[in-house]
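Colleague: Could you work out the structure for the sequence below:
(one chain, ligands or ions: 1)
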Amino acid sequence: MDMNTIRCNLCSSPMEITKILKHNKMFGIVFIVIGIFLSISLAGILLGIMFLVVGIIMCTKKKEIWYCSSCKTIINRVDRVNNAP
Ligand SMILES: [Zn+2]
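Modeller: Next up is the predicted model:
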């Protein structure tokens with residue numbers, strides 16, 4: 001058995017790693033639309049670009065989660081950055 005697989009707390013099925021969007025995509029789209037409108041006027045172009053960048057990040061940034069295909073349970077994966085060998 002794969003050492004990286006964990007079992008679901010509720011139905012003890014093996015869970016799989018899935019990537020989902022980290023942020024709400026609707027917010028990202030709203031930011032992009034605001035950014036486009038601000039960029040139309042010369043005065044708002046800097047602010048518009050900032051909104052555009054934030055919106056694109058929100059629409060593309062993903063995180064890894066544990067996903068149980070049996071009961072649809074989702075568990076956030078903790079990034080082990082400071083892992084000692
Ligand atoms: Zn489950």
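
Colleague: For whatever helix or strand Phe27 lives in, name the packing helices and strands.
Modeller: Phe27 is part of helix 25-40, with elements assigned from DSSP states H and E. Packing partners of helix 25-40 (3 or more C-beta pairs under 8 Å, 6 or more residues apart in numbering; DSSP states H and E): helix 45-60. C-betas here are computed from N, CA, C, even on glycine.

Colleague: What separation is there between Asn9 and Ile74?
Modeller: The gap separating Asn9 from Ile74 is 11 Å, by C-beta to C-beta, to the nearest Å.

Colleague: How about Phe31?
Modeller: 25 Å.

Colleague: what sits against Val33?
Modeller: Gly55 (C-beta atoms under 8 Å, 6 or more residues apart in numbering).

Colleague: what residues are up against the residue nearest the centre of the chain?
Modeller: Residue closest to the average C-alpha location in the chain (C-alpha atoms, centre = their mean): Lys22, at 1.5 Å. By C-beta under 8 Å, 6+ apart, the contact list for Lys22 reads Met58, Lys61, Lys62, Lys63.

Colleague: burial measure for the spatially closest residue to Val53 that is not a sequence neighbour, as a count.
Modeller: Distances taken as C-beta to C-beta, 6 or more residues apart in numbering place Gly35 nearest to Val53, at 7.8 Å, with adjacent residues excluded. Gly35: 21 surrounding residues under other C-beta atoms under 10 Å.
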